[in-house]
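**Q** Dropping the sequence and predicted coords here.
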Amino acid sequence: MALLDDVAAIARLAAASIDDIGAAASKAGVKAIGVVVDDTAVTPRYVAGFSPERELPIIWRIARGSLRNKVVFILPAALLLSQFLPWALTPLLMVGGAYLCFEGAEKVYEALSGHAPDQAQASAELNSAEHEQKMVSGAIRTDFILSAEIMAISLAEVATQPIVSRALILVVVALIITALVYGVVGVIVKMDDLGLRLARSGSGAARTLGRGLVRGMPVVMSVLATVGTAAMLWVGGHILIDGLDKLGVTAPAHLLHDWSVAAGHALPALESVVEWLVETLGSAVVGLVVGGLIVAFLHLLPGRRAAGH
């Protein structure tokens, strides 16, 4: 009976610990929700144009790569750095932020300069395993930076926890956020297929809804591709501004904060929305400038010039 009492006590303690980890993971995940939205907006552009039967397998491959990024690479590195070299987290995140700025600015450059691949060539490439692998690899690389930001934000929320609790909480965050992001992405990219099925159904209302989905989803995907590019710029710019602030260069962060507060006060009815928009736009401008400088530098390199011609 004494042994059973001990087992019951241990079980109650374990249950309480699980509840604590769940609550902490929920709190940490909520703090990272902004980057989660950006991650969701960025990903659909990597499956645009593929045949319907390849869309979900590609998303599944990206989701597995994302989870591997978070659990196998980012989580151990973040825990070790936070334990032994906490000062290194900010510079490493800033390097990742600069990469996001570059990715976003390069998309803008391609759109403005007409250097994007032509549609006939792109359509032919979509049938190749090499192109699919290239797109999956690109998505996983971009996800790595966004995942690192998500995990860093989450880690900051549980920094006072013991290292084992921190690890468990971050694993829970990684699993939930990966399922959330790629579940939503899967729904988005399959909405046109659902619309096609509804359009062929017997019900008049269902057919109308189905035709609306079929006509509307290409527009939605195009908008998401644009939002995804913008997300790279504003997340990258925000990481750089926040990193500079933590390293003691506080002027950009304070200036942007002052501008956003002033704009919010000018429109009291929409104060929070206006503040967010101004801060987001400012981060995106910083991201575009930094990314543009990187793109310009890379295009000045002999190898890149030759490839461009």
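**A** Everything's here; your move.
**Q** before we move on, which element is Ser82 in?
**A** Using DSSP states H and E, Ser82 maps to helix 75-84.
**Q** That helix packs against which elements?
**A** helix 89-113, helix 129-157, helix 163-199 (3 or more C-beta pairs under 8 Å, 6 or more residues apart in numbering; DSSP states H and E). To be clear about C-beta, it is placed using only N, CA and C from the backbone, and glycine gets the same treatment.
**Q** which residues of the stretch 101-250 of the chain score low on pLDDT?
**A** Counting by pLDDT under 70, the ranges of the stretch 101-250 of the chain that qualify are 115-127, 202.
**Q** how far does the helix holding Ser82 sit from the chain's center?
**A** Put simply, helix 75-84 sits 21 Å off its chain's centre (C-alpha atoms, centre = their mean, to the nearest Å).
**Q** same question, stretch 269-285
**A** 19 Å.
**Q** helix, strand or coil for Thr160?
**A** Following DSSP: H, G, I helix; E, B strand; the rest coil, Thr160 is assigned to coil.
**Q** rewinding a little: for the helix holding Ser82, which outside residues touch it?
**A** Outside helix 75-84, the residues that touch it by C-beta atoms under 8 Å, 6 or more residues apart in numbering are 88-89, 92, 148, 151-152, 155, 159, 163, 166-167, 170-171, 174.
**Q** Filter those down to the buried ones.
**A** Buried members of those, scored by 16 or more other C-beta atoms under 10 Å, are 89, 92, 148, 151-152, 155, 166-167, 170, 174.
**Q** and the two most separated of those residues?
**A** Using C-beta to C-beta, the buried ones among the contacts of helix 75-84 reach their maximum pairwise distance at Leu92 and Ala167, which is 18.9 Å.
**Q** I'd assumed Val278 was in contact with Ala263.
**A** Yes - counting by C-beta atoms under 8 Å, Val278 is a contact partner of Ala263 at 4.5 Å.
**Q** Can I get stretch 271-282 in PDB, CA atoms only?
**A** Extracted C-alpha coordinates of stretch 271-282, given in PDB (Å, rounded to 0.1, in the frame of the first residue of the first chain):
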ATOM      1  CA  GLU A 271      -4.600  53.000 -32.700                       C
ATOM      2  CA  SER A 272      -3.400  49.400 -32.300                       C
ATOM      3  CA  VAL A 273      -3.900  48.600 -36.000                       C
ATOM      4  CA  VAL A 274      -2.100  51.800 -37.200                       C
ATOM      5  CA  GLU A 275       0.800  51.200 -34.800                       C
ATOM      6  CA  TRP A 276       1.200  47.600 -36.100                       C
ATOM      7  CA  LEU A 277       1.000  48.700 -39.700                       C
ATOM      8  CA  VAL A 278       3.600  51.500 -39.300                       C
ATOM      9  CA  GLU A 279       6.000  49.200 -37.400                       C
ATOM     10  CA  THR A 280       5.500  46.400 -40.000                       C
ATOM     11  CA  LEU A 281       6.000  48.800 -42.900                       C
ATOM     12  CA  GLY A 282       9.100  50.300 -41.300                       C
END
